[in-house]
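Engineer: When you get a sec, could you give me coordinates for this:
(one chain, ligands or ions: 2)
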Amino acid sequence: MPGPIIEKPPMQTSVTPNLVDYASARDAFSWDTAAGMLTGLPDGGGLNIAYEAVDRHAIGAAANRVALRCLRKNGQTQEISYTQLRDLSNRFANVLRRLGIGREERVCTLAGRIPELYVTALGTLKNGSVFCPLFSAFGPEPIQVRLARAEARVLITTEMLYRRKVDRLRNALPNLEHIIIVAEAGRSNIPDTLDFHTLLSAADDQFTIPPTDPEAWALLHFTSGTTGQPKGAVHVHAAVLAHHVTGRLALDLHAQDVFWCTADPGWVTGTSYGIIAPLTIGATLIADEEEFDAERWYRNLQEQRVTIWYTAPTAVRMMMKIGLETTKKYVTGSLRFMASVGEPLNPEAVLWGQQAFGLPFHDNWWQTETGGIMIANYATMNIKPGSMGRPMPGIEAAIVRRNGSEVECVTQPDVPGELALRAGWPSMFRGYLGESERYRKCFAAGWYLTGDLARRDADGYFWFIGRADDMIKSAGHLIGPFEVESAFMEHPAVAEAGVIGIPDPIAGEVVKAFIALKPGYPADDTLQRSLLGFGRERLGPAVAPKALEFRRTLPKTRSGKIMRRLLKAQELGLPEGDTSTLEEAP
Ligand code: ATP
Ligand code: MG
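Structural biologist: Residues are numbered from 1 along each chain as shown. Ligands and ions are numbered 1, 2, ... in the order given. You can find the predicted model right below:
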């Protein structure tokens, strides 16, 4: 249901956009040439993410610029300059070296968005070890599974998280030799653990990053677990080139920007764009330790004078839910660009951005496996609300059909198929930890097959249809849940919609919608009938839901994605499967 196109004036702001002429930028682009934007380790020592993110700025024009501004839970603001971040991460690299932690060995974190997390990430990368962030709201079971799968040798966590979650796991984790505790105040004295700040103060703030092979392992990220058990995707130091390039081209990041990526570093977005990309550009990064709260977020945008904001559809929908009156209380005029990732962004949400902030949200698409943004609505591009945009320079995307080991590209516009990417971009994952066969099966004939279904229109815009696992087959139609959910989002009473297929003796499957209402709307029969009618009117009888159920909230992953497989399992009375990433209902 393509809506109106949002056209962009040629020059919107005082900042010159990084990507203007898409066709020539794509034609001229090569990863080899782009590598010139990075510095590389001195004396031909290879490529290290932390050097590109921090050290090269600490000896350049950005040395005293704020690299990281942490908004702490206690209301304080903590600022760390590029030079300070270099020294702190040097100290942490020395700590790891002293502990005997070597190359490609895994260093995990279980912590909120506190400064120590960022220092750990960068210090780990300097030491050539693998940074593996775990989301701090995980319970003990998912923590244990991930630490064991990562074969973590070191865990950095906070006093509170240790006592609540980690203490009881210690005997079950023989590989985990060191636990480093960030104390809430003063020093931690938990037995058999080390104190983060004591180690850091004792360590030297000089560290020479050893030669780093661009293909050496750097990052381990577990996927969101939306479709099943989370997979551990491995990324290498070379990925930093894609972080940098996509930060510039897809998010329009410039050195003078104040950038707020709301994702937690426990997920790939929170590391690729919540740590690495903006630092490689020399920008100022905002990290808010608090959890989502719509008013707080408006206040952050205003007080921090955020220029570029990267968030997720679920947060946008929550902000839409509280209405435009709240929006009007805040001055968010410093914003230049807003982007979203993680789930399809309903056209309604794109347009709401214009009403609330005077700017549309720019959707972009990527996965844990791709390591960085692959398809995007970049700043100067005319937006077709509901489309995830066009492939970034350096990225070849196609709609394909698999046929055994053959892959056939769909050349006609608007024909659905699997979204595939030509293998070989720098941030492509290099493996699923411990699952080589599964990794191998993601590739065929030089393509990486994403498991998402999409279509490309005649203008080269890509439209997300659904995950292959979520597609609904009803009376010969292939229905993507996103299309149905987006239609419901246009109804004034609807805050969130999740759509699944349920078995039907005649149609094979029929569509069922789960709806969470905005405050003030009663979940009664009248509204249910009216919404079913609304669905039929918008979507036609073949695609519209036959059944509709109200839910207070929809089950979501902790990274904010609607878990349709769980709605389905609950509906059909089937086992719920891996729920380690399920967010607790508020
Ligand atoms: P798992 O692979 O464990 O089931 P996951 O796929 O949700 O979890 P992520 O790698 O965090 O884990 O998410 C990537 C997926 O999120 C994509 O494959 C796609 O289905 C969805 N996604 C991300 N961005 C967008 C977008 N802009 N539009 C539509 N879908 C998106
Ligand atoms: Mg996935």
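Engineer: Which helix or which strand is home to the spatially most central residue of the chain?
Structural biologist: Nearest residue to the geometric centre of the chain (C-alpha atoms, centre = their mean): Thr269, 2.9 Å. Using DSSP states H and E, Thr269 sits in helix 268-271.
Engineer: and that helix, what does it pack onto?
Structural biologist: strand 130-134, strand 217-222 (3 or more C-beta pairs under 8 Å, 6 or more residues apart in numbering; DSSP states H and E). Using the backbone N, CA and C atoms, a C-beta is placed for each residue, glycine as well.
Engineer: try 7 Å this time
Structural biologist: Using 3 or more C-beta pairs under 7 Å, 6 or more residues apart in numbering; DSSP states H and E, the elements in contact with helix 268-271 are strand 217-222.
Engineer: and stretch 242-251, does that touch ligand 1?
Structural biologist: No - on the criterion C-beta under 6 Å from any ligand atom, stretch 242-251 is out of touch with ligand 1, staying 11.4 Å away.
Engineer: Begin at 493 from now on, thanks
Structural biologist: In the new count, where the first residue is 493, that last one comes out as stretch 734-743.
Engineer: Just to check, Leu577 is in contact with Val558?
Structural biologist: No - between Leu577 and Val558 there is no contact under C-beta atoms under 7 Å: 9.5 Å.
Engineer: And the two? Which one has more around it.
Structural biologist: More crowded of Leu577 and Val558, by other C-beta atoms under 10 Å: Leu577, with 26 against 17.
Engineer: does the more buried one sit in a helix, a strand or a coil?
Structural biologist: Classification of Leu577 by DSSP: H, G, I helix; E, B strand; the rest coil places it in helix.
Engineer: For Asn566, see how far away the nearest residue to it once chain neighbours are set aside is.
Structural biologist: Closest residue to Leu577 apart from its sequence neighbours, by C-beta to C-beta, 6 or more residues apart in numbering: Ala559 at 4.7 Å. Distance, Ala559 to Asn566, using C-beta to C-beta, to the nearest Å: 21 Å.
Engineer: And for Thr806?
Structural biologist: Taking C-beta to C-beta, one finds Thr806 at 27 Å from Asn566.
Engineer: mind checking how far Glu1049 is from ligand 1?
Structural biologist: To be clear, residue 1049 is Thr; Glu isn't right here. Distance, Thr1049 to ligand 1, using C-beta to the nearest ligand atom, to the nearest Å: 6 Å.
Engineer: pretty sure that residue is touching Arg1057, no?
Structural biologist: No - counting by C-beta under 7 Å, Thr1049 sits too far from Arg1057 to count as a contact (10.4 Å).
Engineer: Touching the lowest-mean-pLDDT helix or strand in the chain from outside, list them.
Structural biologist: One helix or strand of the chain scores below all others by mean pLDDT, DSSP states H and E: strand 969-971, with a mean of 84. Strand 969-971 is touched from outside by 908, 963-964, 1003, 1034-1035, with contacts defined as C-beta atoms under 7 Å, 6 or more residues apart in numbering.
Engineer: ok, it: who's next to it in the sheet?
Structural biologist: If you go by DSSP bridges, strand 969-971 pairs up with strand 964-966 (antiparallel).
Engineer: what does this structure put close to ligand 1?
Structural biologist: 715-720, 722-723, 833-836, 855-857, 859-860, 880, 942, 944, 956, 959, 1051, 1053.
Engineer: Any idea how many residues pack against Arg641?
Structural biologist: 18.
Engineer: I meant Pro1033, not that one.
Structural biologist: 10.
Engineer: So it, which state does it fall into?
Structural biologist: Secondary structure of Pro1033, per three-state DSSP, is coil.
Engineer: Let me know the pLDDT of it.
Structural biologist: As predicted, Pro1033 sits at a pLDDT of 88.
Engineer: same thing with Met493?
Structural biologist: So Met493 comes in at 47 (pLDDT).
Engineer: With the one 5 residues further on instead?
Structural biologist: pLDDT, the model's per-residue confidence, is 91 for Ile498.
Engineer: Can you tell me the closest non-neighbouring residue to it?
Structural biologist: Counting by C-beta to C-beta, 6+ apart, the residue nearest Ile498 is Ile875, at 4.2 Å.
Engineer: Could you name the helices and strands sitting against the helix or strand hosting Leu588?
Structural biologist: Per DSSP H and E: Leu588 is located in helix 574-591. Judged by 3+ C-beta pairs under 7 Å, 6+ apart, the packing partners of helix 574-591 are helix 548-550, strand 558-563, helix 607-618, helix 688-694.
Engineer: Tell me which other helices or strands the helix or strand following it touches.
Structural biologist: Counting by DSSP H and E, the element after helix 574-591 in chain order, helix or strand, is strand 598-602. Applying 3+ C-beta pairs under 7 Å, 6+ apart, one finds that strand 598-602 makes contact with helix 607-618, strand 622-626, helix 632-642, strand 646-650.
Engineer: Tell me what angle strand 598-602 forms with strand 622-626.
Structural biologist: Strand 598-602 and strand 622-626 are oriented at 20 degrees to each other (axes from the mean of the first three to the mean of the last three C-alpha atoms, to 10 degrees).
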